[in-house]
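pasted the sequence and its predicted model underneath.
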Amino acid sequence: MSFDVDIHTHVRSERRSFELRVRFKTCARRTVIFGPSGAGKSLTLQAIAGLLSPDRGRIMFGDDVVFDHEARIDVPARKRRFGYLFQDYALFPRLNVVQNIAFGLQGGLRNPSKHVDGEAVERWLRAFELVEVASQRPSELSGGQRQRTALARALVHSPRALLLDEPFSALDPELRERMRAELDELLQRIDIPVVMITHDPQDIEWFGDEALYLRDGVIADRPAVARTASTRLKVV
């Protein structure tokens with residue numbers, strides 16, 4: 001299943017005016033969009049997810065048009081059925097692990113019960129080894145447990161693609177390496193398209209079946225790359 005993105009949007013604030021002109025098509029199972037801070041990576045991912053409406057352009061997933069400015073198509077984020085992992089995980093601090101995961105199944109704003117029953121929630125609790133901490137709140141979890149809880153919430157509604165916003169940036173170096181390996185194993189099992197944004201070359205090495213370099217709001221020529229012993233791409 002491919003992503004076909006051709007968007008243009010202008011973002012203004014008191015301190016900055018930024019123009020995003022992104023155009024790419026990828027059929028890769030894992031696509032990494034990388035580049036420096038402020039390049040427009042998060043804006044691009046938000047537009048794909050439906051959290052941002054570009055000024056112009058079109059976004060397709062396979063044959064499904066999820067955004068087309070001229071045709072006045074802008075499918076709401078929930079109906080696009082993409083799982084989204086926020087950079088800071090965006091867990092609800094007053095909800096326990098089960099409630100945070102179950103929130104991904106809800107259409108409204110009411111908090112799930114503290115004792116949610118459901119096959120999908122139980123599946124991801126077991127898959128991510130969160131059963132023992134199911135009743136704990138985010139502040140009581142380790143960094144890895146918080147990330148796994150956020151991933152479970154993104155996957156619990158069986159999304160057709162997964163969007164990852166700097167998934168390892170909040171972790172210390174040792175945990176970051178372990179969570180890369182865990183995510184790699186998970187992605188092999190769930191087998192859905194993934195788009196990840198990052199500024200870390202190691203993420204490209206692990207997950208970059210296709211790597212797109214974003215600089216100053218546009219897809220640019222990639223920096224030179226070399227092959228590691230494992231044949232994965234590495235930016236040099």
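Received it, and whenever you're ready, just let me know what you need.

for the most centrally placed residue in the chain, report the pLDDT, please.
By Cα atoms, centre = their mean, the chain has its centre lying nearest to Leu164, at 1.7 Å. Each residue has a pLDDT score; the one for Leu164 is 95.

helix or strand right after the host helix or strand of it?
Assigned by DSSP states H and E, Leu164 belongs to strand 161-165. Sequence order places helix 173-190 as the next helix or strand after strand 161-165, per DSSP H and E.

output the contacting helices and strands for that following helix.
Secondary-structure packing of helix 173-190 (3 or more Cβ pairs under 8 Å, 6 or more residues apart in numbering; DSSP states H and E): helix 143-155, helix 201-207. For every residue, glycine as well, the C-beta is placed using N, CA and C.

how does it look with 10 Å?
helix 119-127, helix 143-155, strand 161-165, strand 194-198, helix 201-207 (3 or more Cβ pairs under 10 Å, 6 or more residues apart in numbering; DSSP states H and E).

any idea of the angle the second one forms with strand 161-165?
Looking back up the chat, that one is helix 143-155. Calculated by axes from the mean of the first three to the mean of the last three Cα atoms, to 10 degrees, helix 143-155 forms an angle of 140 degrees with strand 161-165.

and helix 143-155, what does it pack onto?
Against helix 143-155 (3+ Cβ pairs under 10 Å, 6+ apart) you get strand 82-85, helix 97-102, helix 119-127, strand 161-165, helix 173-190.

next one: the first one to chain centre, how far?
Translated: strand 82-85. Put simply, strand 82-85 sits 5 Å off its chain's centre (Cα atoms, centre = their mean, to the nearest Å).

same question, the second one
Relative to the mean C-alpha coordinate of its chain, helix 97-102 is positioned 18 Å out (Cα atoms, centre = their mean).

now do the last one
With Cα atoms, centre = their mean as the basis, helix 173-190 stands 14 Å off its chain's centre.

give the buried residues for stretch 44-64.
44-50, 52, 54, 57-61 (16 or more other Cβ atoms under 10 Å).

where does the prediction get shaky in this structure?
104, 106-117, 223-236 (pLDDT under 70).

how does it look with 50?
Scanning the chain for pLDDT under 50 picks out 226-236.

circling back: format the helices and strands packed on helix 143-155 as CSV; extra columns: distance to Asp4.
Listed next are those as CSV, based on distance: least, Cβ to Cβ, whole Å:
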stretch, distance to Asp4
strand 82-85, 14
helix 97-102, 31
helix 119-127, 30
strand 161-165, 13
helix 173-190, 22
